[in-house]
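*Asks:* Curious how this folds, go ahead:
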Amino acid sequence: MAERLTGLRRRVELALAERVGALRVLWRRSMQLRVVLSTLAMSSVVVLVLGLVLQTQIADRLLQGKQQAALVQADISRGNLERDLLRVDPDRDGTQATLDEALDRLTSSGSGADARDAGAFEAVLVAGTEPLGTASTTGTGSTGPSSGPADAVPPQLRDPVLKGFLATKYVTVPSAGGAGVPALIVGQPVRTAGRNLQLYLIFPLSAEQRTLALIQSTLALAGLALLVLLAGISSIVTRQVVRPVRQAADVAERFADGHLDERMPVYGDDEVARLAESYNEMAASIQQQIHQLEEFGALQRRFTSDVSHELRTPLTTVRMAAELLHDQAEENKDTDAVAYRSSQLLVDELDRFESLLGDLLEISRLDAGVAELAIERVDLRDIVRRAAETVRHLVDDSATPLLLDLTEPAEAEVDPRRVERILRNLLANAVDHGESRPVEVRVAADEHAVAVVVRDHGVGLKPGEAGLVFNRFWRADPSRQRRSGGTGLGLAISLEDARLQGGWLQAWGETDHGAVFRLTLPRTAGELLRTSPLPLIPVTAAPADAEPGIREDAVTTGTALPPPTGEIPLTRTGGDDEAGADDDGSADAPGGDRPGAVSGRGEAW
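*Replies:* Model prediction:
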């Protein structure tokens, strides 16, 4: 039974949470709802305050009128009683019958034309215990005869009357049904042949109470009707403003989706019409500029492609001639060293020129959006090995230790050719800028993604340069000699290759502390990336000196696990528009104690 109650409570809480969430979403998305509810809330406060003020004023006026009429009635009643009791001594026997008879005449004869506004009343006549003008020594009690409901008179009212004063008091008197009825009691002394009598007139406020109830209900109904009218009016007024805004938002969304012919309808000459005209003019200008840029981009891509294709034929001819000259010069290099050196330089530059043409063709295909993927399920460790073999000559020439940490399997659905090209570019750059210091490569994977981190310990990147490393033809130091003979398009092509596969290519660098490049790809093609299995920012110092050459299954220390504190200050510059916290727990702290630069496309920093 307890489990059923717990389950029922959870279902109720879940349903309530869903309703609250739906209301929150509706509140955030509907400006008309916010305006109408805000108007109702403020109007309710105003109506409530006005209603309370009106009710208070009306009640005060009713009570004032009732009190004035009661005082007039009391004065008339006192005069009548004094005439009837002028020769009556309250201390003689038979006074009770005289008092009852006088009180009956008072209540039955009416109050005259001047006091009819006071309404019905009950009279109480009490024989005083002290002579007129003498201070009361017995308190509030009265031992003499009385006529009428004397118990309804409160003791607080009898003291001033015994002392000869006119007094009034609002009290609650019991009714026939047992419920209390509010009433006004007016008390005053009455002179007789002997000592004073006390006259109390009880005026029930039932009529005034009914009047106030009617006024309250009328005010409530009027306030409710007013709120309904205000809600309708605010809804209509807001709709007149919100509807054009919604239409503008719909048109803007369709325009942003590529429907460049979408325009806002224009009605009238008001502010909304001027807004629509301005938007339409802006959309037309943007459409024209987009068409111009598309035409210019298509022309540029066509020109690049045509030039690249046209240059291949003479390049092939020149290469054949250069190789022939190189072969002849190599045979006579002992006798003609200058010719041999010239032919060697010619062959090297032709290789570089051919690589540049290939990169230009690839860039043109990527820009045109015609690049195709050949997805295969492979282990990234095999691709890393192949990429490392392609740069072996650079590793050997520079005596650079290349440490490969390939202990974790990392299978994923990727395009092997493009991933290998990315890694080849990253390794060549790391060797070029590593100053013959160790270059570390680490592969890791989790449930949703695979990652490869390439770190060097060379010159690094200055603040702000990480946002430029993926730009075409950009170089950190143009005067620096490159061993790989790159064209300046490698990282740009690598970034596009990573994006084409739904991945990230990110960079981090610090002056004289090296640079880190991280490639993150989804394990399943088309899956959305959210985190990376490896941290981008290094958390340890450079590894100890290692032997030059490629070392597989080496333990990389420069791309280890996240730091124990979970925070690494950094400065983020450039890059794409996605930002947040890295999977290593490091938080964005611009202007921190550790200068650095982060750029590329990736999860929120």
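*Asks:* Let me know the average pLDDT across the helix or strand hosting Leu157.
*Replies:* Take DSSP states H and E as the rule and Leu157 turns out to sit in helix 155-162. For helix 155-162, mean pLDDT is 85.
*Asks:* so how far is it off the chain centroid?
*Replies:* Distance, stretch centre to chain centre, for helix 155-162: 67 Å (C-alpha atoms, centre = their mean, to the nearest Å).
*Asks:* Show me what the next helix or strand after that helix is in contact with.
*Replies:* For helix 155-162, the succeeding helix or strand toward the C-terminus, using DSSP H and E, is strand 167-174. Strand 167-174 is touched from outside by 63, 67, 70-71, 149, 152, 154, 156-157, 160-161, 180-188, 202, 204-205, with contacts defined as C-beta atoms under 8 Å, 6 or more residues apart in numbering. C-beta: built from backbone N, CA, C; applies to glycine.
*Asks:* Would you map the strands across the stretch 101-250 of the chain?
*Replies:* With DSSP state E, counting those that start in this stretch, the ranges of strands along the stretch 101-250 of the chain come out as 122-127, 146-147, 167-174, 180-190, 197-204.
*Asks:* ok, the shortest one: who's next to it in the sheet?
*Replies:* Listed by DSSP bridges, the sheet partners of strand 146-147 and their directions read strand 122-127 (antiparallel).
*Asks:* what angle sits between the partner strand and helix 155-162?
*Replies:* Calculated by axes from the mean of the first three to the mean of the last three C-alpha atoms, to 10 degrees, strand 122-127 forms an angle of 60 degrees with helix 155-162.
*Asks:* other SSEs contacting the helix or strand harbouring Ala283?
*Replies:* In this assignment (DSSP H and E), Ala283 forms part of helix 271-331. Under the contact definition 3 or more C-beta pairs under 8 Å, 6 or more residues apart in numbering; DSSP states H and E, helix 271-331 sits against helix 206-256, helix 337-368.
*Asks:* Return the distance of that helix from the chain's centre.
*Replies:* For helix 271-331, the distance to the chain centre is 43 Å (C-alpha atoms, centre = their mean).
*Asks:* Next, the angle from it to helix 337-368.
*Replies:* 150 degrees.
*Asks:* Give me the angle between helix 271-331 and helix 206-256.
*Replies:* Using the same axes, to 10 degrees: helix 271-331 against helix 206-256 is 30 degrees.
*Asks:* Any idea how far apart the tips of stretch 404-420 sit?
*Replies:* 15 Å (C-alpha to C-alpha, to the nearest Å).
*Asks:* where's the residue nearest to Leu394 when sequence neighbours are not counted, which helix or strand?
*Replies:* Distances taken as C-beta to C-beta, 6 or more residues apart in numbering put Val431 closest to Leu394, at 4.7 Å, once the chain neighbours are dropped. With elements taken from DSSP H and E, the one containing Val431 is helix 416-433.
*Asks:* Quickly compare the helices and strands packed on helix 271-331 and say which is most buried.
*Replies:* helix 337-368 (a mean of 16; mean count of other C-beta atoms under 10 Å).
*Asks:* how far off helix 416-433 does that one point, in degrees?
*Replies:* Going by the same axes, to 10 degrees, helix 337-368 makes 130 degrees with helix 416-433.
*Asks:* who touches the next helix or strand after helix 337-368?
*Replies:* Later in the chain than helix 337-368, the nearest helix or strand by DSSP H and E is strand 376-379. Strand 376-379 is contacted from outside by 409-416, using C-beta under 8 Å, 6+ apart.
*Asks:* for strand 376-379, which positions count as buried?
*Replies:* Within strand 376-379, the residues scored as buried using 16 or more other C-beta atoms under 10 Å are 378-379.
*Asks:* Stretch 252-272 now?
*Replies:* 255, 260, 262-264, 272.
*Asks:* Quote the end-to-end distance of it.
*Replies:* For stretch 252-272, the first-to-last residue distance is 15 Å (C-alpha to C-alpha).
*Asks:* Distance from the chain centre to that stretch, please.
*Replies:* Counting by C-alpha atoms, centre = their mean, stretch 252-272 comes out at 28 Å from the chain centroid.
*Asks:* Give me the below-cutoff pLDDT ranges for the stretch 451-600 of the chain.
*Replies:* 475-487, 539-545, 553-600 (pLDDT under 70).
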